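[1] Fold the following and give me the result.
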Amino acid sequence: MNIAAMLKMTIAMALFGSIGFFTVNTGIPAEELVFVRCICATLFLGGMWLFTGGYKAEQFSRKEVVKTIICGVFLVLNWVFLFKAFEEMSISVAISIYNLAPIFVLILGSLLLKEKMSVSAVFAVIVCFLGSVLIIGMEQFTSISAIINSGFAWAILSAICYAMTMFVGKGITQLSAYALTFIQTTVGIIMLLPFIDFGVFHGLTGWNWFYILGTGLIHTGFVYYLFFDSLRNLPTIIVSALVFVDPVVAILLDILILDFRPTIWQTLGIVLIFGGIIYTLVKPSKQALD
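    All right, here's what the predicted structure looks like:
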């Protein structure tokens, strides 16, 4: 086992987990924050791509570049919707729903690729759905406006867009992780530029700028560097396990620093969601061993 790679991945996931705490302290809307994030990531990872000389070995194909651009659209929408969810609901609830992405990948595979869903997969989907209902509360599902105002719609959309990013990205094999992210964040800059209100950046405090730049440089630049650098040196099962460091840190920060106090039903909902996701990830491994 590569201990250095495990440590890098753990640090990356822990830092990812603090993004919600940073986001709610930036003082700017989701679109503008994602715009800054894309700029920082493009400069940081683009610089690393050039510095390491990785660009010299790239094999660009039209098909993969088009897929990467499509992934970029979904990735940026995923960020915008997640940050909008943070504006409307607690970080713990938003992160729990956001992590339903693997379940949506299962559903997309069944609908678009005609992949047959196993009984265990259907069971996981039902468990995660029940968890979502419990964590939000039945009263939030009485009308469309109630769902939107609760932030549930934004969180679900972020999970769906993240699932689409993973789903479309499966076919990208030649481009390096740096090239992939560089193209995606450049797409984000172009996408968001027409909608940015630069007036929101006026009157911000030093701490606002600390959290804004931290979200861009730390959570997007540095974290993605650690993530990609360690990913190639770790088996899939270890990566799948370490990914859960992200929501654990997010929920702990929400409870310890932002004073979020989940109800019994919300706690049960969180347990059901992550239980269903873990079951989905672990079950195939057990079947493979059999």
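[2] contacts, neighbours, all on C-alpha from now
    Will do.
[3] if I look at the residue nearest in space to the middle of the chain, how far off is Leu108?
    For the chain, the residue sitting closest to the mean C-alpha position, by C-alpha atoms, centre = their mean, is Tyr162 at 6.2 Å. Between Tyr162 and Leu108 the distance is 12 Å, computed by C-alpha to C-alpha, to the nearest Å.
[4] same deal with Gln184?
    In terms of C-alpha to C-alpha, Gln184 sits 22 Å off from Leu108.
[5] Tell me where the stretch 151-290 of the chain has strands.
    Counting by DSSP state E, counting those that start in this stretch, the stretch 151-290 of the chain has no strands to list.
[6] could you point out where the stretch 1-150 of the chain is predicted with low confidence?
    Along the stretch 1-150 of the chain, the parts satisfying pLDDT under 70 run over 1, 115, 117, 138-144, 146-148.
[7] which stretches of it form helices?
    Taking DSSP state H, counting those that start in this stretch as the criterion, the stretch 1-150 of the chain carries its helices at 3-17, 19-23, 30-51, 62-88, 91-98, 101-112, 119-136, 144-150.
[8] so the residue nearest to the centre of the chain touches Asn78, yeah?
    Yes - checked against C-alpha atoms under 8 Å, the pair Tyr162 and Asn78 is within contact range at 5.6 Å.
[9] Now for the two: what residues contact both?
    When C-alpha atoms under 8 Å, 6 or more residues apart in numbering defines a contact, no residue borders Tyr162 and Asn78 alike.
[10] just to revisit the earlier point, quick one: contacts for the residue nearest to the centre of the chain?
    74-75, 78, 101.
[11] give me every residue that touches Ile218.
    Leu15.
[12] now do Val122
    Counting by C-alpha under 8 Å, 6+ apart, Val122 has no contacts.
[13] Leu75 too?
    Contacts of Leu75 (C-alpha under 8 Å, 6+ apart): 161-162, 165, 184.
[14] what about the closest residue to Val243 other than its chain neighbours, neighbour count?
    Ranked by C-alpha to C-alpha, 6 or more residues apart in numbering and with sequence neighbours excluded, the top spatial neighbour of Val243 is Met13, at 6.2 Å. Neighbour count of Met13, defined by other C-alpha atoms under 10 Å: 26.
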